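K.L.:
One predicted model, sequence on top.
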Amino acid sequence: MKKEKICVLGLGYIGLPTATMFAVSGFEVIGVDVKPKVVETINKGNIHIEEPGLEDLVKNTVKKGDLRANTEPEAADVFIIAVPTPLTQSKGIKLNYVRSAIQMINPYLKKGNLVIIESTITPRTTEDIILPELRNSGLDPRKDIYVSHCPERVLPGKIINELINNNRVVGGINEESALKSRSLYRNFVEGEIYITDATTAEMVKLMENTYRDVNIALANELAKVSEKVKIDIWEAIELANKHPRVNIHKPGPGVGGHCLAIDPWFIVEKAPEIAKLIHLSRNINDSMPKFVVKNVKEKLFGINNPKIAILGITYKGNVDDLRESPVLKIIDSFIEQGVELGIYDPHVNECQYKLNTLDEAIKGADCIIIGTDHKEFKNIDPIKMYKLMRNKILFDTKNLLEQDKWKNAGFSVYKIGNYSEYNWHNSYGINEEFDIKKEMI
Ligand code: SAJ
């Protein structure tokens, strides 16, 4: 039997794993990317992004001939669009990559084809922009083809597992489109696949990331308040979350990545006069890099020509992704102020800054900032760091390191939202020891 052919446009963090999963599931898949280097890398069976488990799958499927890449699309049964939808300087949504992807597939579209938009888009984009654009193919998208918005909801670092196991929402321009899309994803999705209309699916995806962004903004605001009332916000959040209906997220240096830091703006853009909480939350999260810089400068007060070692610059732990990383804003601010920096990130090979080894970054430094919660950092030996540094200050924006271990090694340890030195249970966590001490009082 002839294999169904799928053409995936955009071979980034979502497009490439999705293309690969369809190739693994028995489809003939053509991946399209405008960057010749990406196409070349994939055709050699290699990958240009860091994602656990992906490289082996790409290698195998390319070898078998089930996945190949090109800079141009070709005729297929299904077209999946997974190109970026970035923000403009003024926080508007740039739809030009989606538009040009549709323009690229229009000459190849045939009756009966299914077109799926996976890229995150503003509510009503499928109805108001994608359908008119598809009409330029000469076909009537409501009668001749099937069209759906099927947003991806996977977490970078766990993409393969989540592609298979997460529940999905599939929104069609009509019921047939939704049903056809559901059967397609069924080939590898083991989670539930819920069907709805395209606009609801657009909104659901944005709401998920907005919920998280607003929740993190609350945590960040509470962290700032905790410094005023002199408590450790990390302990307070852990205790509040013991309540069965409370789930406060974690404070940090800000919110990065291409989802949480971006998606809420899609809603704000559509309804600026209504979406006030969402807008404010974005501003609170965007204020965190400045807050970190101010805090660290206070700790460095009186030190001449300080050097700061920044460990971890990606937007979150254990990925190589720098998109919207708040740590880059922290770095830029220190560079602007002429502060000497050592920068170390075991997951990043190349970026706009000069990267150091851990020892180079730490040597002669006065302060370490933990910017990202990479798992490797937990094994850093504070005694070794102590010997290499001039002053011994640790500012852990992610509450990653064992505070007592670093304190015992001679470090002054600070976190966001932490004034625990004022508290009588300073060296106790939320553990048995803490409960015992409480009982004694
Ligand atoms: N962060 C905090 N505090 C927290 C949790 C996260 O400051 O308590 C920060 C992280 O450090 C990071 C940012 O938020 O800078 C975003 O990280 P994340 O792990 O929450 O999310 P993403 O952007 O990697 O992936 C999200 C996921 N969405 C949800 O969990 C609702 C993922 O499922 C989506 O597929 C993805 O966005 C997307 O593509 O939209």
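P.N.:
On my side now, so go ahead.
K.L.:
Would you mark the buried spots in the helix or strand where residue 413 lies?
P.N.:
Residue 413 is part of strand 412-415, with elements assigned from DSSP states H and E. Neighbour-count burial for strand 412-415 flags 413-415 (criterion: 16 or more other C-beta atoms under 10 Å). Bear in mind the C-beta positions are built from the backbone N, C-alpha and C, glycine included.
K.L.:
In terms of secondary structure, what does it contact?
P.N.:
Helices and strands touching strand 412-415, by 3 or more C-beta pairs under 8 Å, 6 or more residues apart in numbering; DSSP states H and E, are helix 288-299, strand 393-396, helix 403-408.
K.L.:
Next, format the ones you listed as CSV and append mean pLDDT, distance to residue 343 and mean neighbour count.
P.N.:
Below are the helices and strands packed on strand 412-415 laid out as CSV (pLDDT from 0 to 100; distance: least, C-beta to C-beta, whole Å; neighbours: other C-beta atoms under 10 Å):
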stretch, mean pLDDT, distance to residue 343, mean neighbour count
helix 288-299, 96, 15, 18
strand 393-396, 97, 15, 22
helix 403-408, 95, 20, 16
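K.L.:
can the ones you listed go into CSV with extra columns for distance to the ligand?
P.N.:
Formatted as CSV, the helices and strands packed on strand 412-415 follow (distance: least, C-beta to the nearest ligand atom, whole Å):
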stretch, distance to the ligand
helix 288-299, 8
strand 393-396, 13
helix 403-408, 19
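K.L.:
now the ones you listed in JSON lines, with distance to residue 368?
P.N.:
Compiled in JSON lines, the helices and strands packed on strand 412-415 are given as follows (distance: least, C-beta to C-beta, whole Å):
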{"stretch": "helix 288-299", "distance to residue 368": "10"}
{"stretch": "strand 393-396", "distance to residue 368": "5"}
{"stretch": "helix 403-408", "distance to residue 368": "9"}
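K.L.:
Please name the nearest non-neighbouring residue to the residue nearest the centre of the chain.
P.N.:
The chain has residue 257 as the residue nearest its centroid, 3.4 Å off, counting by C-alpha atoms, centre = their mean. Leaving out its chain neighbours, the residue that sits closest to residue 257 by C-beta to C-beta, 6 or more residues apart in numbering is residue 315, at 4.5 Å.
K.L.:
what about the one you found, how many residues close to it?
P.N.:
Residue 315: 26 surrounding residues under other C-beta atoms under 10 Å.
K.L.:
Enumerate every residue touching it.
P.N.:
Going by C-beta atoms under 8 Å, 6 or more residues apart in numbering, residue 315 touches 256-257, 261, 321-327, 372.
K.L.:
Closest to residue 105 out of those?
P.N.:
Nearest to residue 105 out of these is residue 323 (C-beta to C-beta; 25.7 Å).
K.L.:
In this structure that closest one contacts residue 260, no?
P.N.:
No. Applying C-beta atoms under 8 Å as the test, residue 323 and residue 260 come out as separate, 11.0 Å apart.
K.L.:
Which one of the two is surrounded by more residues?
P.N.:
residue 260 (23 against 18).
K.L.:
Thought residue 211 was touching the more buried one, still the case?
P.N.:
No. Using C-beta under 8 Å as the test, residue 260 is too far from residue 211 to be in contact (9.6 Å).
K.L.:
Any regions of the stretch 1-150 of the chain where pLDDT drops low?
P.N.:
Applying pLDDT under 70 to the stretch 1-150 of the chain picks out residues 1-2.
K.L.:
which residues of it fall in helices?
P.N.:
Using DSSP state H, counting those that start in this stretch, the helices of the stretch 1-150 of the chain run over residues 15-24, 36-43, 54-64, 96-105, 125, 131-135.
K.L.:
Can you give the contact residues for stretch 397-407?
P.N.:
234, 250, 252-253, 292, 312, 317, 369-373, 377-378, 380, 382, 394, 396, 413, 415-416, 418, 427.
K.L.:
which parts of the stretch 101-250 of the chain sit against the ligand?
P.N.:
Residues of the stretch 101-250 of the chain lying close to the ligand by C-beta under 6 Å from any ligand atom are 152-156, 208-209, 212, 216, 249-250.
K.L.:
try 5 Å
P.N.:
153-156, 208, 212, 216, 249-250 (C-beta under 5 Å from any ligand atom).
K.L.:
Out of those residues, show me where the pLDDT dips lowest.
P.N.:
Within the set of those, pLDDT is lowest for residue 156 (85).
K.L.:
Confirm that that one lies within a strand, as I assumed.
P.N.:
No. Applying DSSP: H, G, I helix; E, B strand; the rest coil, one finds residue 156 to be coil, outside a strand.
K.L.:
The closest residue to it other than its chain neighbours in helix, strand or coil?
P.N.:
Leaving aside its sequence neighbours, residue 156 sits nearest to residue 319 (C-beta to C-beta, 6+ apart; 5.1 Å). The three-state assignment at residue 319 reads coil, by three-state DSSP.
K.L.:
Tell me how far residue 319 lies from the ligand.
P.N.:
Using C-beta to the nearest ligand atom, to the nearest Å, we find residue 319 at a distance of 8 Å from the ligand.
K.L.:
Please tell me I have it right and that residue contacts residue 348.
P.N.:
No. Using C-beta under 8 Å, residue 319 makes no contact with residue 348, being 9.7 Å away.
K.L.:
what about these two, which has more around it?
P.N.:
Between residue 319 and residue 348, counting by other C-beta under 10 Å, residue 319 is the more crowded of the two (24 against 20).
K.L.:
got the contact list for that one?
P.N.:
50, 156-157, 347.
K.L.:
do the same with residue 136
P.N.:
103, 106.
K.L.:
sorry, back to before: the contacts of residue 315 also near the ligand: which ones?
P.N.:
Among those, proximity to the ligand is found for 256-257 (C-beta under 5 Å from any ligand atom).
K.L.:
Report the backbone C-alpha coordinates of stretch 344-354 in PDB.
P.N.:
Extracted C-alpha coordinates of stretch 344-354, given in PDB (Å, rounded to 0.1, in the frame of the first residue of the first chain):
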ATOM      1  CA  TYR A 344      29.500  29.500  31.800                       C
ATOM      2  CA  ASP A 345      26.800  27.300  30.400                       C
ATOM      3  CA  PRO A 346      27.400  23.600  29.800                       C
ATOM      4  CA  HIS A 347      24.500  23.400  27.400                       C
ATOM      5  CA  VAL A 348      25.400  26.200  25.100                       C
ATOM      6  CA  ASN A 349      28.300  26.000  22.600                       C
ATOM      7  CA  GLU A 350      27.900  29.300  20.900                       C
ATOM      8  CA  CYS A 351      26.200  32.600  21.600                       C
ATOM      9  CA  GLN A 352      26.600  36.400  21.400                       C
ATOM     10  CA  TYR A 353      28.900  36.400  24.400                       C
ATOM     11  CA  LYS A 354      32.300  34.900  25.000                       C
END
